[in-house]
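mind folding the following:
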Amino acid sequence: MKHDIKSLTRAEIAELVKELGQPSFRAKQLTQWLYGHHARSYDDMTNLPTELRQQLAEDHPLISGSMINRQVSSDGTRKYVIEFPDGARVETVTMPSRSTDGSAKLSICFSTQAGCPMECSFCATGKGGFTRNLTIGEIIDQIVIAQTDMELRASSLVAMGQGEPFLNYDNTLEALHIVNSKESLNIGARHITISTCGMVKGIQRLSNEPEQFTLAISLHSAQQNVRNQLMPAMANTPLPELKRALTEYRNKTNRRITFEYIMIKGVNDTDEALKHLSKYCEGMLCHVNLIPINRIPSSPYQPSDSVTMRKWVDALAKRGVETTIRASRGSDIAGACGQLKNSL
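Model (predicted):
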């Protein structure tokens, strides 16, 4: 049975090279071609023996995704639709900016699944259904395609595109281990964020990873009934259970947690909602990102007004909770949070 070479982990590549009777250093060379030089053909791998390249091409095809659509926002954000050979599609978003010294920065929001099974009520991706998990190579392909198009190296990565990363934990983490490595993109772990709906087992596994990846939780409400309404797939994970897992994560890693909180007028932006969120953050090293909801077709939800947003920032700050309002980018091309649905 043929397996795409980029669906294999580095350990599996090393084992494959051994099975083919090649010295162990060939595995490092092969990995560098795949993820350091981003070769699109075995013919490019000139320091590998011809016989090995032929064997790999026959049994382990080198498959890459292709950009089939690109849209550019008025704010400079770019959204790509990337298609894989089986027809599965994902969206990837780039957000360029400038640092305080004027140098160019680039954040890439990538997907870990084609579609999403979580069916959050405010999200266009979930309404489109779930196709499948992405392979290691398909996750990395998005980053490479985006960097190439922007002609700029990524300074930060966020697994906040389509899908729930912890439902594709092994492939997602192996991809991040690779892009963090010096042989590949060499992006620092602290500049890589993994966003989850709050999968407890995934949080526990992440606490054992040696790299200091940043953890973000899509919270959206600290009231159980409201969260169940917004995120029905998470109804079987009570908020106290999630907080215990996050507290254990914090105690084990000493890393700050980010709470992503989409602000929806009259739903989760009430005084009662603010009180519950303030209470939930007590005793935790956390940062809260308030995000006015982005409109999607046929949704009844409306974004909170600026006065309410400012009130929340001030109130949480008084409780010692660092809070920011995250400006939406790319909403005019349906590239902002909650809008990704593989539209051309």
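
check what pLDDT residue 260 gets.
If you check residue 260, the pLDDT there is 96.

least confident secondary structure element in this structure?
Lowest by mean pLDDT, DSSP states H and E among the helices and strands of the chain is helix 124-127, with a mean of 76.

after that helix, next one along is what?
Going down the chain from helix 124-127, the next helix or strand is strand 130-133, by DSSP states H and E.

pull out the buried residues from the next helix or strand along the chain from that following strand.
Per DSSP H and E, the first helix or strand lying C-terminal to strand 130-133 is helix 136-150. The neighbour-count criterion (16 or more other CB atoms under 10 Å) identifies 136-147, 150 as the buried residues of helix 136-150. Bear in mind the C-beta positions are built from the backbone N, C-alpha and C, glycine included.

again with stretch 216-233
Quick answer for stretch 216-233 (16+ other CB under 10 Å): 216-223, 226-231, 233.

residues in contact with that stretch?
Residues outside stretch 216-233 that contact it (CB atoms under 8 Å, 6 or more residues apart in numbering): 117-122, 158, 160, 193-198, 234-235, 238-239, 242, 246, 257-262, 264, 267-268, 272-273, 276-277, 279-280, 289.

what's the answer for stretch 301-321, then?
121-122, 263-267, 269, 274, 277-278, 281-282, 286-288, 290, 292-295, 323-325.

mark which of these are buried, thanks.
Buried among the contacts of stretch 301-321 (16+ other CB under 10 Å): 121-122, 263-264, 267, 269, 274, 277-278, 281, 286-288, 290, 292-295, 323, 325.

where does the stretch 201-344 of the chain have low pLDDT?
329-344 (pLDDT under 70).

and the helices in it, which stretches?
224-230, 239-253, 271-280, 306-318 (DSSP state H, counting those that start in this stretch).

Serialize those helices to a markdown table and add fields for distance to residue 183.
Below are the helices of the stretch 201-344 of the chain laid out as a markdown table (distance: least, CB to CB, whole Å):
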| stretch | distance to residue 183 |
| --- | --- |
| helix 224-230 | 41 |
| helix 239-253 | 25 |
| helix 271-280 | 41 |
| helix 306-318 | 42 |
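
of all those helices, which one is nearest residue 35?
Closest approach to residue 35 among the helices of the stretch 201-344 of the chain is made by helix 239-253 (26.1 Å; CB to CB).

I'd like to know which elements that closest one is packed against.
Helix 239-253 is packed against helix 200-206, strand 214-218, strand 257-263, with contacts defined by 3 or more CB pairs under 8 Å, 6 or more residues apart in numbering; DSSP states H and E.

now it: buried residues?
Across helix 239-253, burial judged by 16+ other CB under 10 Å covers 239, 242-243, 245-246, 249-250, 253.

run the chain-centre distance for that helix.
Relative to its chain's centre, helix 239-253 lies at 21 Å (CA atoms, centre = their mean, to the nearest Å).
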